[in-house]
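J.: here you go, sequence then predicted model.
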Amino acid sequence: MRVPRHVAIIMDGNGRWAGARALPRPAGHRAGIKPVRMCIEESVKRGIKVLTLFAFSSENWKRPVAEVSLLMQLFLESLEREIEELAGRGISVRFIGSREQLAPAVVASMEAAEARTRDNERLMLVVAFGYGGRWDITAAARRLAIACRDGTLQPEQIDEARLGCELSIGDLPDPDLFIRTGGEQRISNFLLWNLAYTELWFTDTLWPAFGAADFGAAIDSYAERERRFGHAVAASGADAC
Ligand code: IPE
Ligand code: IPE
Ligand code: MG
């Protein structure tokens with residue numbers, strides 16, 4: 001069976017999951033930790049090489065201060081609790097997104113986790129936190145502009161490959177499979193550039209209820225897709241034009 005090398009997930013629906021149970025939104029965010037563990041386990045088991053999780057978007061800063069604080073606290077707690085186990089299992093962790101608005105303790109913990117797991121090769125876990133696809137492309141464009149101004153790069157040398165390399169995950173293969181839980185069928189400023197030819201899979205299941213069987217269903221669906229990347233459909237008869 002064809003297994004995706006890179007799976008990227010928008011983990012959506014925590015608030016609605018809590019609301020449906022008459023619980024406060026934070027309870028939904030807490031319940032969202034278990035499926036994160038499950039996806040990491042399933043990815044390792046299935047030989048997926050990169051797993052990218054959208055945990056907090058550049059637009060999520062617009063949420064009420066109390067919810068943002070809770071998400072920051074949960075992120076920090078989970079990272080500190082899980083990092084040794086992740087390291088021990090051969091998982092390498094990377095964070096993408098703007099760190100400018102993050103508290104120093106959060107940034108320190110991210111940097112420590114990246115340094116601690118740098119040499120691991122079983123699975124690359126990319127966590128998009130404070131991330132926006134437009135931020136990523138803009139930051140890349142700015143770095144290229146600075147290189148041109150400084151004379152180390154010529155504008156004519158800028159092509160898709162050069163710009164692509166400058167992005168947060170430009171050194172990794174593009175996602176093969178995109179999963180979004182929670183029923184919305186949109187990208188919400190996730191990996192805009194890198195998703196150009198990714199296979200998309202949506203489910204109404206809310207993130208805290210997303211289980212191994214759902215993850216398996218997405219992987220099975222991927223295995224049946226015919227990826228063409230703009231090429232003609234393979235001709236079954238004799239006359240190709
Ligand atoms: C996803 O769940 C978590 C984050 C965006 C941080 P939501 O909090 O967006 O949950 P819904 O979409 O309101 O149900
Ligand atoms: C996308 O979910 C971001 C994350 C899951 C981190 P949102 O809930 O923020 O997306 P919209 O607002 O419904 O598009
Ligand atoms: Mg949402």
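T.: Looks like it arrived, so ask away. Ligands and ions are numbered 1, 2, ... in the order given.

J.: C-alpha from now on. contacts and neighbour counts both.
T.: Will do.

J.: what helices and strands are in contact with the helix or strand hosting Phe75?
T.: Assigned by DSSP states H and E, Phe75 belongs to helix 65-88. In terms of contacts (3 or more CA pairs under 8 Å, 6 or more residues apart in numbering; DSSP states H and E), helix 65-88 is packed against helix 25-31, helix 104-117.

J.: isn't Ala141 up against Leu163?
T.: Yes. At 7.3 Å, Ala141 and Leu163 qualify as touching, with contact defined as CA atoms under 8 Å.

J.: right, is the helix holding Phe75 up against ligand 2?
T.: No. Using CA under 6 Å from any ligand atom, we find that helix 65-88 stays clear of ligand 2, coming within 10.3 Å at best.

J.: quick one: the strands in the chain?
T.: 6-10, 50-57, 91-96, 123-131, 177-180, 199-202 (DSSP state E).

J.: is the fifth one up against ligand 2 anywhere?
T.: Meaning strand 177-180. No. Strand 177-180 does not reach ligand 2 (CA under 6 Å from any ligand atom); its nearest approach is 8.4 Å.

J.: partners of that strand in the sheet?
T.: Looking at strand 177-180 with DSSP bridges, its partner strands are strand 6-10 (parallel), strand 199-202 (parallel).

J.: ligand 2 is nearest to which of the ones you listed?
T.: strand 6-10 (4.8 Å; CA to the nearest ligand atom).

J.: before we move on, back to that, and the strands of the chain: which comes nearest Ala147?
T.: Within the strands of the chain, the stretch nearest Ala147 is strand 91-96; the backing value is 21.8 Å (CA to CA).

J.: report the angle between that closest one and helix 65-88.
T.: Inter-element angle recorded for strand 91-96 and helix 65-88: 150 degrees (by axes from the mean of the first three to the mean of the last three CA atoms, to 10 degrees).

J.: quick one: list the elements packing against strand 91-96.
T.: helix 104-117, strand 123-131.

J.: redo those as a markdown table? Include distance to ligand 1 and mean pLDDT.
T.: Formatted as a markdown table, the helices and strands packed on strand 91-96 follow (distance: least, CA to the nearest ligand atom, whole Å; pLDDT from 0 to 100):
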| stretch | distance to ligand 1 | mean pLDDT |
| --- | --- | --- |
| helix 104-117 | 16 | 98 |
| strand 123-131 | 9 | 98 |
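
J.: and those, which is most packed in?
T.: Of all these, strand 123-131 has the most neighbours on average by mean count of other CA atoms under 10 Å, namely a mean of 22.

J.: C-alpha coordinates for the helix holding Phe75, CSV please?
T.: Taking C-alpha atoms only, helix 65-88 is exported to CSV below (Å, rounded to 0.1, in the frame of the first residue of the first chain):
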residue,chain,number,x,y,z
VAL,A,65,-7.0,36.6,26.1
ALA,A,66,-8.1,33.8,28.5
GLU,A,67,-8.3,31.2,25.7
VAL,A,68,-4.9,32.2,24.2
SER,A,69,-3.3,32.0,27.7
LEU,A,70,-4.8,28.6,28.2
LEU,A,71,-3.6,27.3,24.9
MET,A,72,-0.1,28.7,25.6
GLN,A,73,-0.1,27.0,29.0
LEU,A,74,-1.3,23.7,27.6
PHE,A,75,1.3,23.8,24.9
LEU,A,76,4.1,24.4,27.4
GLU,A,77,2.9,21.8,29.8
SER,A,78,2.5,19.1,27.1
LEU,A,79,5.8,19.9,25.6
GLU,A,80,7.7,19.6,28.9
ARG,A,81,5.8,16.5,29.8
GLU,A,82,6.3,14.7,26.5
ILE,A,83,9.7,15.7,25.3
GLU,A,84,11.7,13.0,27.0
GLU,A,85,9.5,10.3,25.6
LEU,A,86,9.5,11.8,22.1
ALA,A,87,13.3,12.0,22.2
GLY,A,88,13.6,8.4,23.4
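
J.: kind regards, and thank you for your time.
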